[in-house]
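Q: just a sequence and a predicted model for now, questions to come.
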Amino acid sequence: MPQRELAYPRLGQQSPHSGANEWRPSSIEAKLTYLQSLWGRGGEACFAAELNGLCAGQREMDSCVVLILLSSSITLSTADSVRLVNGNSRCAGRVEVLHDGQWGTVCDYNWDMRDAAVVCRELACGEAVDALSAAYFGPGSGPIWMDDVNCTGSETTLKNCTFTGWDESYCGHEEDAGVICSGGVRLIGGARCSGRVEVLHDETWYTVCDADQQDAEVVCRELGCGLPVEVLGGAAFGRGEGQVWSEELQCRGNESQIHSCPSSSLKHNCSHDSDVGLVCAASVRLVDGDSHCAGRVEVLHRGQWGTVCGDNWDMSDAAVVCRELGCGEAVDALTDAHFGPGSGPVWMNNVSCSGSESNLKNCKSAGWLEYNCSHSKEAGVMCSGVRLVGGSRCSGRVEVLHGETWYTVCDADFDQQDAEVVCRELGCGLPVEVLGGAAFGRGEGQVWSEELQCRGNESQIHSCPTSPSLKHNCSHGSDVGLVCA
């Protein structure tokens, strides 16, 4: 196989960057400097090839040994080629990279969660929680080394991702990229800010048996969520897998990350039946609707709630909000201050979500506070943990969301009061007809095993009391349907 031509000159040859001057380093130090420059420009393969060639050509063995030892120091130093600055821990902050011996920033153009994932992996900071733009952690200084970064997410270092080239950027520091990594904690089985608590130790995720309010405050802070709302025991978000953390967390509540908390050995063995769950306040909320799953969209940025402009607001954007809040599916994406005008800053404008993002802040937008929008144009969303399938928006087979699974409902366990709540939650008129016998077709999957006992005045179906169904086991031949006005 023919050897690939090296992108950089061999030692003793003329450098393409040196013009007419010949480049003939005579000392080990000069040669090492050249090797360092190869590594700094991403030429790791060239580095190895050059080092092997040098050692083969060295007449004195001790010189080669020195080069090998020095090359080891280069390899080790690359672990510090990226850092996060101005966050509340080493695992959150403005992204800075080391190039040619100088730290510089990264432009936020096309910066997304795949790029953030590479940074978090490189820093051994767990999983990416958020990919932030518009100098979220404040503007940096010095060169903006990287722009238009495009990682696949599998790279071991940010420098291995494609980008426009070193110091080739038209960005200003008001567009510096930022990252929040989990730092070794995650919430599973709920929304972004709720779920089963799992901690990372030596590349293995463990569930947690015991946690209190102080522990919860640290987890919510580390994940970039709001204050803790509720600490839940009894595997409320499902039983985990693998090992259970064998130590008791003893956070004071002011730590920036969970691994900074003291711990002590547990006095009893825990099973996954005792896995702890946590609900933190999200960084997005719906205001002035008839439930927490409908209303004007507001986002928390730098400690202040603000609104979202309705320009180009659509169902893909609404779907991300509903998912982030654990509110099921998007029913409607509303504009023109449908839920009334808000106040304070209009934080986001021209939001463009693909629909697959885990939170609204990961969607493309014009940038924080970069808008030409008034409060009369603000975006709203209606989400629902119930849906009507097989008809129109306000008619169809009734299905309810539990966890991440949709269930059909038995016609024997559904009455007029239940229908009133479903129609209200979906933003439809009063119920016209409740239909049994799979009038809108037979569903798939599981049938809801509880009987709804709504009073009729609840704002959403999951606020209704339930009891185990006393009726016979239902099949999809008895799926209930509903027609709302």
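A: Arrived safely.

Q: now residue 186. Nearest residue, chain neighbours left out?
A: Excluding the flanking residues, the one nearest residue 186 by C-beta to C-beta, 6 or more residues apart in numbering is residue 198, at 5.3 Å. Every residue, glycine included, has its C-beta placed from N, CA and C.

Q: measure that neighbour to residue 172 for me?
A: Residue 198 sits 39 Å away from residue 172, taking C-beta to C-beta, to the nearest Å as the criterion.

Q: of the two, who's got more company?
A: Per other C-beta atoms under 10 Å, whichever of residue 198 and residue 172 has more neighbours is residue 198, with 24 against 11.

Q: hang on, residue 115 packs against residue 177?
A: Yes: at 7.5 Å, residue 115 counts as touching residue 177 under the criterion of C-beta atoms under 8 Å.

Q: which of the helices or strands spans the residue nearest to residue 186?
A: Using DSSP states H and E, residue 198 sits within strand 194-201.

Q: excluding residues flanking it in the chain, which one is nearest residue 207?
A: residue 240 (3.7 Å).

Q: state the pLDDT value of the one you found.
A: Turning to residue 240, the model gives it a pLDDT of 93.

Q: for it, what are its contacts?
A: Residue 240 is in contact with 188, 196, 198, 207, 272, 275, counting by C-beta atoms under 8 Å, 6 or more residues apart in numbering.

Q: 6 Å instead, please
A: 196, 207, 272, 275 (C-beta atoms under 6 Å, 6 or more residues apart in numbering).

Q: among those residues, which are in helices?
A: Using DSSP state H, the subset of those located in helices is empty.

Q: neighbour-wise, give me the winner out of the residues you listed.
A: Busiest of the contacts of residue 240 [other C-beta under 10 Å] is residue 275, holding 27 neighbours.

Q: so that residue makes contact with residue 207?
A: Yes: contact criterion C-beta atoms under 6 Å: residue 275 and residue 207 qualify, at 4.4 Å.

Q: hey, what's the residue nearest to residue 186 bridged with?
A: residue 186, residue 207 (DSSP bridges).

Q: can you pull the contacts of it?
A: So residue 198 contacts 186, 188, 205, 207 (C-beta under 6 Å, 6+ apart).

Q: if I look at it, how far off is residue 277?
A: Residue 198 is 10 Å from residue 277, by C-beta to C-beta.

Q: list of residues touching stretch 445-458?
A: So stretch 445-458 is contacted by 400, 407-410, 413, 417-418, 420-421, 464-469, 474 (C-beta under 6 Å, 6+ apart).

Q: circling back: any idea how far residue 182 is from the residue nearest to residue 186?
A: Counting by C-beta to C-beta, the gap from residue 198 to residue 182 is 9 Å.

Q: just to check, residue 357 is in contact with residue 320?
A: Yes: between residue 357 and residue 320 there is a contact under C-beta under 6 Å: 5.0 Å.

Q: the more surrounded of the two?
A: residue 320 (25 against 22).

Q: so where's the stretch 51-200 of the chain shaky on pLDDT?
A: Low-confidence segments of the stretch 51-200 of the chain (pLDDT under 70): 51-79.

Q: what segments of it are strands?
A: Using DSSP state E, counting those that start in this stretch, the strands of the stretch 51-200 of the chain run over residues 82-89, 92-99, 102-106, 128-132, 144-146, 178-181, 185-189, 194-201.

Q: within the sheet, what are the partner strands of the shortest one, with directions?
A: Strands adjacent to strand 144-146 in the sheet, as given by DSSP bridges, are strand 102-106 (parallel).

Q: show me how far the partner strand is from its chain's centre.
A: 24 Å (C-alpha atoms, centre = their mean, to the nearest Å).

Q: contacts for that strand, please.
A: 95-96, 140, 142-146, 176-177.

Q: what segments of the stretch 201-350 of the chain are helices?
A: 213-222, 315-324 (DSSP state H, counting those that start in this stretch).

Q: next, the buried residues of the last one.
A: Just to be clear, that refers to helix 315-324. Within helix 315-324, the residues scored as buried using 16 or more other C-beta atoms under 10 Å are 315-324.

Q: could you do the first one as well?
A: For helix 213-222, the neighbour count (16+ other C-beta under 10 Å) marks 214-222 as buried.

Q: which of the three states applies to residue 420?
A: Three-state assignment for residue 420 (DSSP: H, G, I helix; E, B strand; the rest coil): helix.
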